[in-house]
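Enquirer: Sequence first, then the predicted structure, then my questions.
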Amino acid sequence: MSKPKFIQIESKNALLELLKEGREFEKIFLVSNAFKDPKTKEIVEIAIKRKIPIRKVSRREINRRLRTSSSESIIGYMYSDNMWDLEELLEKIYSEKKQPFFLILDNLKYTQNIAAIMRTAFGGGVNGVIVNPQKKNLISNETLRISMGAAERIPLVEMNLFAALKILKENDIKTYAVHMQGEHYYEKDLRGPLAFVLGAEDVGISAGILERTDSSISIPMREGVGSLNVGASAAVLVYEKLRQEVSNS
């Protein structure tokens, strides 16, 4: 079962996408004399239709509430229930007759990379992102803004990665470490239940995690370039798996 959290959303793009998806909002604050651009108008229309309270306040009040922006004129307060237990998430995936497909992030540090990966994952059919326990909430206004709302739309699991790999192995889900010494990704059969393991931007995948994965794959690079950005690597691999699944269906 997911664990509910409460988050403040300051991005119009993320707010609009989540409203369209039917997510639950407690209320929306809007600057009373703000210019109603098309996105703001659409947000207000959806909120009114769904009977979400809209509070018109002064610019000073909005500025007092803003955490990451100084220019937005609208803030949404949403109930977030996107934190999952891995075994319960697997039960849900199987009950919906879907194929497990995960991304495991081994101590990634930069919010921009994590959020970009979440958007790629959501768009490419990944049904869970697994990370180490975090000191701060990964689902935040910043990750929602960068991921255009995907951070709240793809299940997130926070747990010890060794324990996560053990559970995946027990469920016959292959794990592929993205590592420079691995086989070229396009030479591997990426169909079926699997998880890609992506390492930290500076040091890559830790030795202990690398030892516990089933295999390593790499993205070949021209001489003089070490590797792609971790977000770009995730996109290449997610869509290669999608291509293989479609072309062999």
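Expert: Thanks, I have the structure now.

Enquirer: quick check: domain ranges of this structure?
Expert: Per automatic domain parsing, the domain ranges recorded for the chain read 3-81, 85-247.

Enquirer: To which secondary structure element is Val231 assigned?
Expert: Val isn't right for residue 231; it's Gly. Gly231 is part of helix 230-247, with elements assigned from DSSP states H and E.

Enquirer: got the buried residues for that helix?
Expert: 230-231, 233-235, 237-238, 240-242, 244 (16 or more other CB atoms under 10 Å). Quick note: C-beta positions are derived from backbone N, CA and C, even for glycine.

Enquirer: In CSV, list these along with pLDDT and distance to Phe35.
Expert: As requested, these are exported to CSV (pLDDT from 0 to 100; distance: CB to CB, whole Å):
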residue, pLDDT, distance to Phe35
Val230, 92, 38
Gly231, 93, 33
Ser233, 93, 40
Ala234, 95, 37
Ala235, 96, 35
Leu237, 97, 42
Val238, 97, 38
Glu240, 96, 44
Lys241, 97, 44
Leu242, 95, 40
Gln244, 95, 47
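
Enquirer: Now flag whichever of those is closest to Val129.
Expert: Proximity of those to Val129 (CB to CB) peaks at Ala234, which lies at 9.8 Å.

Enquirer: How about the closest one: what's its closest non-neighbour residue?
Expert: Distance criterion CB to CB, 6 or more residues apart in numbering; nearest residue to Ala234, sequence neighbours excluded, is Ile117 at 4.6 Å.

Enquirer: and if you look at Pro133?
Expert: Closest residue to Pro133 apart from its sequence neighbours, by CB to CB, 6+ apart: Glu158 at 5.0 Å.

Enquirer: residues contacting that neighbour?
Expert: Counting by CB atoms under 8 Å, 6 or more residues apart in numbering, Glu158 makes contact with 83, 130-134, 138.

Enquirer: and the end-to-end length of stretch 124-135?
Expert: This stretch, stretch 124-135, spans 28 Å end to end (CA to CA, to the nearest Å).

Enquirer: can you give me phi and psi for Ile139?
Expert: Dihedral pair for Ile139: phi -90, psi 100, per degrees, to the nearest 10.

Enquirer: Same check on the one 10 residues further on?
Expert: For Gly149, the backbone dihedrals are phi 90, psi -10 (criterion: degrees, to the nearest 10).

Enquirer: List the residues that contact it.
Expert: 13-15, 17-18, 21.

Enquirer: ok so, going back, just name the most buried of the domains of the chain.
Expert: Greatest average neighbour count among those goes to domain 85-247 (a mean of 17), per mean count of other CB atoms under 10 Å.

Enquirer: Ends of that domain, what's the gap?
Expert: By CA to CA, the extent of domain 85-247 from end to end equals 32 Å.

Enquirer: before we move on, what about stretch 120-133?
Expert: For stretch 120-133, the first-to-last residue distance is 22 Å (CA to CA).

Enquirer: contact partners of that stretch?
Expert: 84, 86, 89, 93, 98, 100-108, 114, 117-118, 138, 147, 150, 153-161, 164, 195, 231, 234-235, 238-239, 241-242.

Enquirer: now the helices for this protein?
Expert: Along the chain, counting by DSSP state H, helices occupy 12-20, 38-49, 59-65, 86-95, 111-123, 141-146, 161-170, 207-212, 230-247.

Enquirer: which residues touch the fourth one?
Expert: It refers to helix 86-95. Residues contacting helix 86-95 (CB under 8 Å, 6+ apart): 1, 99-100, 127-128, 130, 155, 157, 159, 164, 167, 171.

Enquirer: hmm, back to that, which of the helices of the chain sits closest to Pro220?
Expert: Closest among the helices of the chain, using CB to CB: helix 230-247, at 10.6 Å.
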